[in-house]
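Visitor: with the input below, show me the fold.
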Amino acid sequence: MLKVRCSGEKSARSYIAFPFCFLLLALMQTGCFDVPKSNFLGESRPPLTFAISPERGPVGTLLTLTGMDFSAIQTVSIGSGSAILISQSTTSLVALVMPDATSGPVNVTSRSASFTSSAFFGVTATGAPATQQGAKLVGAGGVGTMQQGYAVSLSADGNTALIGGPNDNTNIGAAWVFTRSGGVWTQQGAKLVGTGAVGAAAQGYAVSLNADGNTALIGGGGDNGGVGAAWVFTRSGGVWTQQGAKLVGTER
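Guide: Take a look at the predicted model:
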């Protein structure tokens, strides 16, 4: 028998020293032994950062942190400024460098813990482009007078472009994705046309990309006689796929 005596109102208790986990739980109940809750009760432990990439860049940079226990992260800051959390998993997260970010360590916080990286991220100046990069972008597969460029959107790193053409194929509309590599822009896949459109939907009248460029939202204000709708496409492995049915609000 293993006896443990504690001061206070609770009396000493005896426990069989087998199995060991029962002993620890018993000690915790008596108040004699303080074990961090994160080890036994499933609460999140302090996140640990092993690396950040890149180590410097302008506002709009997508910063990747790799480490452990990132799934519960709620906020990210860089230096004395903020960053927007874009995506996360247990071992990594991606954050967007915001205009108020300053050069300094990266700090991540969860509901119950925080961690400041020993590595610094350097915020660099953003210069305006001095020259046009390549030729004009015209997507392949268009039908008629597409009005490509009526609406455009760029990812945060500037390497993915979404271009709307609401007049394509007699105003059914479409959108095209281009990606940049080594300063060269290339169309990625076929034009995007959402399914379930009714009439001259004018898809591409409004377009938007999320920060990492992997989610595209394409608006079609002319769908169903002007009721309008929007379509969501996601990219995986360079392939774009419509995600679910078109979006139409239930209250107008």
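Visitor: what segments of the protein are helices?
Guide: Taking DSSP state H as the criterion, the chain carries its helices at 20-30, 37-40, 168-171, 223-226.
Visitor: which of the ones you listed comes out lowest on mean pLDDT?
Guide: Ranked on mean pLDDT, the bottom entry among the helices of the chain is helix 37-40, at a mean of 40.
Visitor: can you give me the strands in the stretch 51-200 of the chain?
Guide: Remark: strands assigned in the stretch 51-200 of the chain by DSSP state E, counting those that start in this stretch are 56-57, 62-68, 75-78, 81-88, 92-97, 104-109, 114-123, 151-154, 160-165, 174-181, 184-187.
Visitor: nearest to residue 210, of those strands?
Guide: Nearest of those to residue 210, taken as C-beta to C-beta: strand 81-88 at 7.4 Å. All C-beta spots, glycine's among them, are computed from the backbone N, C-alpha and C.
Visitor: any stretches of the stretch 151-252 of the chain with poor pLDDT?
Guide: Scanning the stretch 151-252 of the chain for pLDDT under 70 picks out 252.
Visitor: pull up the gap between residue 110 and residue 212, please.
Guide: Using C-beta to C-beta, to the nearest Å, residue 110 is found at 22 Å from residue 212.
Visitor: can you name the residues that contact the residue nearest to residue 186 when sequence neighbours are not counted?
Guide: Nearest-residue entry for residue 186: residue 179, 6.0 Å, with adjacent residues in sequence omitted and distances by C-beta to C-beta, 6 or more residues apart in numbering. Taking C-beta atoms under 8 Å, 6 or more residues apart in numbering, we find residue 179 in contact with 159-161, 185-186, 188, 213.
Visitor: equivalent analysis for residue 88, please.
Guide: By C-beta under 8 Å, 6+ apart, the neighbours of residue 88 are 70-71, 73, 94.
Visitor: tell me how far the residue nearest to residue 186 lies from residue 79.
Guide: Taking C-beta to C-beta, one finds residue 179 at 30 Å from residue 79.
Visitor: what do you get for residue 109?
Guide: 15 Å.
Visitor: now swap in residue 50 and tell me
Guide: 20 Å.
Visitor: mind checking which of the two has more residues around it?
Guide: Higher neighbour count among residue 50 and residue 79: residue 79, with 19 against 12, using other C-beta atoms under 10 Å.
Visitor: go ahead and confirm the more buried one touches residue 97.
Guide: No: assessed by C-beta atoms under 8 Å, residue 79 is found out of contact with residue 97, at 10.0 Å.
Visitor: mutual contacts of those two, please.
Guide: 121, 123.
Visitor: what's the burial count for residue 111?
Guide: By other C-beta under 10 Å, neighbour count at residue 111 equals 9.
Visitor: repeat that for residue 117.
Guide: Neighbours of residue 117 (other C-beta under 10 Å): 20.
Visitor: can you check residue 184 too?
Guide: 9.
Visitor: tell me the spacing between residue 164 and residue 205.
Guide: 6 Å.
Visitor: more neighbours, the two?
Guide: More crowded of residue 164 and residue 205, by other C-beta under 10 Å: residue 164, with 29 against 24.
Visitor: rewinding a little: give the buried subset of the contacts of residue 179 as a ChimeraX selection command.
Guide: Those of the contacts of residue 179 that count as buried under 16 or more other C-beta atoms under 10 Å are selected in ChimeraX with:
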select :160,161,185,188,213
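Visitor: from the contacts of residue 179, which is closest to residue 90?
Guide: So of those, ranked by how close each gets to residue 90 (C-beta to C-beta), first place is residue 213, at 23.1 Å.
Visitor: list the contacts of the closest one.
Guide: Residue 213 neighbours (C-beta under 8 Å, 6+ apart): 155-157, 159-160, 179, 235.
Visitor: so can I have CSV of those residues showing distance to residue 101?
Guide: Formatted as CSV, the contacts of residue 213 follow (distance: C-beta to C-beta, whole Å):
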residue, distance to residue 101
155, 18
156, 13
157, 15
159, 20
160, 22
179, 26
235, 26
